[in-house]
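Enquirer: I need the structure of the sequence given here:
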Amino acid sequence: MTESDLPVAQLTPGRWGDPAHPAELPAAALDAVKHLGIHRPPSPTEPQPRPGATDRQLKFLTSVVGPQYVTTEWQIRWAHTRGYSTTDLLRFRAADTTDVPDAVVFPASHDEVQAILERAAEHDLAVVPYSGGTSVVGGLAPTRSFVTLDLRRLDQLTDLDEVSRTATLQAGVRGPAAEALLAERGYTLGHFPQSYEGASIGGYAAARSSGQSSAGYGRFDQMVVGLTVATPRGTIELGRAPMSAAGPDLRQLFLGSEGAFGVITSVVVRIRPRPSERHFEGWKFDTFDAGLTAVRRLAQDGPLPTVLRLSDEVETAVNLADPDVLGGSAGGVLAIIGFDGPYHQATADVLAAAGGTNLGEGPGETWRVGRYRAPYLRDPLLDEGALVETLETAAFWSRIPALKAAVTEALVGALPTTPPLVLCHISHVYETGASLYFTVVCAQADDPISQWRTAKAAANQAIAAAGGTISHHHGVGTDHQDAYVAEIGGLATEALQAVKQTLDPDHVMNPGILLP
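Expert: The predicted structure is shown next:
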């Protein structure tokens, strides 16, 4: 089975993946948890329902989409609360209902979305767009009461231009469903983030997503050639040509906007023929620095594979792709390369010349098959009393070593009473730099939410001081808002606030997200 064949995961509130198939920790992982001094916390509590939307608001919403597509049912509202960061999951377990939507609305078209947004203010409605719901940075936790627009009914491939190799997909199409629709015509999008089983096309665009095959296919924002956006002031359609010199590229204004300016209802994306073969293999380097040099050479001089990632010594030893061999590494670091299409020996030659040892297809296939297992392991780890979370950044190549060291030091220093296991890898590379993705595991404190927020704040400060960006692909949400404003500066923030004021003068769109 390839990524293109995976089914859509039906996520459940507060846990990742299908509740009918819960993940279990391997024996080696349970043993490691004990060595970290982790103890099982109390069982989660049940939430108490909160009042929903008013009769006047419900009458308006049902007049647009029909009564069967508006609900204030508690379980559905609870299922649309927040996203899937560890903080979100801990708040679920604590039965925190402060971010529950007042109603959930299921529009079926761009026109229905537009009609709701244009009259939202007169009905005192704030609106949060929702499709996959996989935000991990507080992107679904606005600062005032709101209704959720669940875009799952916008789930069609509405056009496929085989001459231009573009496809128009509605925002609610989930990742695996998009691949299935394209595969029927012999094409692939090639976008496989770790949230792939649950995330959607609209979410990819709104959060400027990046997938495991970015070395070959590019980030999602590089795939988008056009989009349609509903705003409280009207509809915006962008992308009449692949490139243009007609002013600033406004597509980039909405890519990464996280629903703060409007609702992306469809995108036109670049597609490619579906590969007839795929190859994955592992390479070993003695140190992370040696592996870093090798992947930089490929990024700058080629030939790039479709997938290129490098784990540090700790992540290599833990081996999240195959927890059954936890701690079984013989040292060194592991690089994974993958090809959609024929194997390129020239890529292997570059790795060998940089000191790499070819481990064959075994580690590569193990990683490919286990790629989507890691998110499923977080829930049983939280059940056992572990605090496990991720964060990511990016920087120019010259800054990567110092950035990695600074963030690791900040996390260890901020979690002194529960010494953390800090893992790191590079999974997205460019000619001028790369991303760093950290995973942190330690024992939960009495207040694990405050515990992580303290650690995250320290990591954010380290990222800024070391010259990294606050987010490479997770986005801003509420978690990164202060750091984002500091990163871009006051004048740039005012410019974006002016855009917000123009498109959303009553601030009904995802209030408090992205911008203060």
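
Enquirer: what's the first-to-last distance across stretch 115-129?
Expert: Using CA to CA, to the nearest Å, the end-to-end distance of stretch 115-129 comes to 14 Å.

Enquirer: Check which helices and strands the helix ranked longest in the chain sits against.
Expert: If you go by DSSP state H, the chain has its longest helix at helix 448-465. Counting contacts by 3 or more CB pairs under 8 Å, 6 or more residues apart in numbering; DSSP states H and E, helix 448-465 packs against helix 86-93, strand 386-396, helix 400-414, helix 481-488. The C-beta positions use only the backbone N, C-alpha and C, and glycine is treated the same way.

Enquirer: redo that, cut-off 6 Å
Expert: Where contact means 3 or more CB pairs under 6 Å, 6 or more residues apart in numbering; DSSP states H and E, helix 448-465 is packed against helix 86-93, strand 386-396, helix 400-414.

Enquirer: report the angle between the axes of the last one and strand 386-396?
Expert: Taking axes from the mean of the first three to the mean of the last three CA atoms, to 10 degrees, one finds that helix 400-414 is oriented at 150 degrees with respect to strand 386-396.

Enquirer: so where's this protein uncertain?
Expert: Applying pLDDT under 70 to the chain picks out residues 1-6, 18-20, 320-330.

Enquirer: secondary structure element for Trp203?
Expert: Actually, residue 203 is Gly. It isn't Trp. Assigned by DSSP states H and E, Gly203 falls within helix 201-207.

Enquirer: after the helix or strand hosting Ile337 comes which helix or strand?
Expert: Using DSSP H and E, Ile337 maps to strand 333-340. Next in sequence after strand 333-340, counting helices and strands by DSSP H and E, comes helix 345-353.

Enquirer: what's that next one packed up against?
Expert: Counting by 3+ CB pairs under 6 Å, 6+ apart, helix 345-353 packs on helix 288-301.

Enquirer: what sits up against the helix it packs on?
Expert: For helix 288-301, contacts defined as CB atoms under 6 Å, 6 or more residues apart in numbering pick out 285, 304, 308, 310, 312, 333, 335, 350-351, 354-356, 397, 429, 431.

Enquirer: ok, and the most crowded of those residues?
Expert: Ala335 (29 neighbours; other CB atoms under 10 Å).

Enquirer: Any idea what that residue is bridged to?
Expert: Listed by DSSP bridges, the beta-bridge partners for Ala335 are Trp283, Leu310.

Enquirer: of the contacts of helix 288-301, closest to Gln212?
Expert: Checking those against Gln212 by CB to CB gives Leu308 as the nearest, at 9.5 Å.

Enquirer: surely the closest one meets Ser214?
Expert: No - contact criterion CB atoms under 6 Å: Leu308 and Ser214 do not qualify, at 8.7 Å.

Enquirer: quick revisit: then the strand holding Ile337 to PDB, C-alphas only?
Expert: Taking Å, rounded to 0.1, in the frame of the first residue of the first chain, the C-alpha atoms of strand 333-340 are listed here in PDB:
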ATOM      1  CA  VAL A 333      22.300   8.900  12.200                       C
ATOM      2  CA  LEU A 334      19.800   7.700   9.600                       C
ATOM      3  CA  ALA A 335      19.000   9.500   6.300                       C
ATOM      4  CA  ILE A 336      16.000   8.400   4.200                       C
ATOM      5  CA  ILE A 337      15.800   8.900   0.500                       C
ATOM      6  CA  GLY A 338      12.900   8.100  -1.700                       C
ATOM      7  CA  PHE A 339      12.200   8.300  -5.400                       C
ATOM      8  CA  ASP A 340       8.800   8.600  -7.200                       C
END
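
Enquirer: Show me what it is packed against.
Expert: strand 278-285, helix 288-301, strand 307-311, helix 313-318.

Enquirer: in the first one, what counts as buried?
Expert: It stands for strand 278-285. 278-285 (16 or more other CB atoms under 10 Å).

Enquirer: so which of the helices and strands packed on strand 333-340 comes closest to His123?
Expert: strand 307-311 (47.4 Å).

Enquirer: contacting residues around the closest one?
Expert: With CB under 6 Å, 6+ apart, strand 307-311 has contacts from 212-213, 215, 291, 295, 333-338, 425-427, 429.

Enquirer: Check those residues and tell me the two furthest apart.
Expert: Across the contacts of strand 307-311, the longest distance by CB to CB is 21.0 Å; it joins Ser213 and Val333.

Enquirer: tilt between the strand holding Ile337 and strand 307-311?
Expert: If you take the same axes, to 10 degrees, strand 333-340 sits at 170 degrees to strand 307-311.

Enquirer: Strand 333-340 versus strand 278-285: what angle between them?
Expert: Calculated by the same axes, to 10 degrees, strand 333-340 forms an angle of 160 degrees with strand 278-285.

Enquirer: Centre of the chain to strand 333-340, how far?
Expert: Here the centre of strand 333-340 is set off from its chain's centre by 21 Å, with CA atoms, centre = their mean, to the nearest Å.

Enquirer: now the angle from it to helix 345-353?
Expert: Using the same axes, to 10 degrees, strand 333-340 lies at 170 degrees relative to helix 345-353.

Enquirer: how about the closest residue in space to Gly186 that isn't next to it in sequence, what does it touch?
Expert: Excluding its sequence neighbours, the residue lying closest to Gly186 (CB to CB, 6 or more residues apart in numbering) is Arg274, at 5.5 Å. Arg274 sits next to 183, 186-188 when contact means CB under 6 Å, 6+ apart.

Enquirer: And Ile236, by the same measure?
Expert: Contacts of Ile236 (CB under 6 Å, 6+ apart): Val229.

Enquirer: ok, now Ala23?
Expert: Residues counted as contacts of Ala23 (CB under 6 Å, 6+ apart) are 376-377, 380.

Enquirer: Name the helix or strand for Ala167, please.
Expert: Using DSSP H and E, Ala167 falls in strand 166-170.

Enquirer: in the next helix or strand after that strand, what's buried?
Expert: Next helix or strand after strand 166-170 toward the C-terminus (DSSP H and E): helix 175-183. The neighbour-count check on helix 175-183 (16+ other CB under 10 Å) flags 175-182 as buried.

Enquirer: again, but for stretch 294-303
Expert: Using 16+ other CB under 10 Å as the test for burial, stretch 294-303 gives 294-296, 298-299.

Enquirer: ditto for stretch 420-431
Expert: 420-430.

Enquirer: swap in stretch 38-50?
Expert: Burial within stretch 38-50, assessed by neighbour count using 16+ other CB under 10 Å, is assigned to 38, 41, 47.

Enquirer: now stretch 240-248: how far from the chain's centre is it?
Expert: Put simply, stretch 240-248 sits 28 Å off its chain's centre (CA atoms, centre = their mean).

Enquirer: End to end on that stretch, go ahead and measure it.
Expert: Terminal residues of stretch 240-248 are spaced 14 Å apart (CA to CA).

Enquirer: Ala434 is in what secondary structure piece?
Expert: strand 433-443.

Enquirer: Sketch out the helices for the stretch 51-200 of the chain, chain order is fine.
Expert: 55-65, 74-79, 86-93, 110-119, 175-183 (DSSP state H, counting those that start in this stretch).
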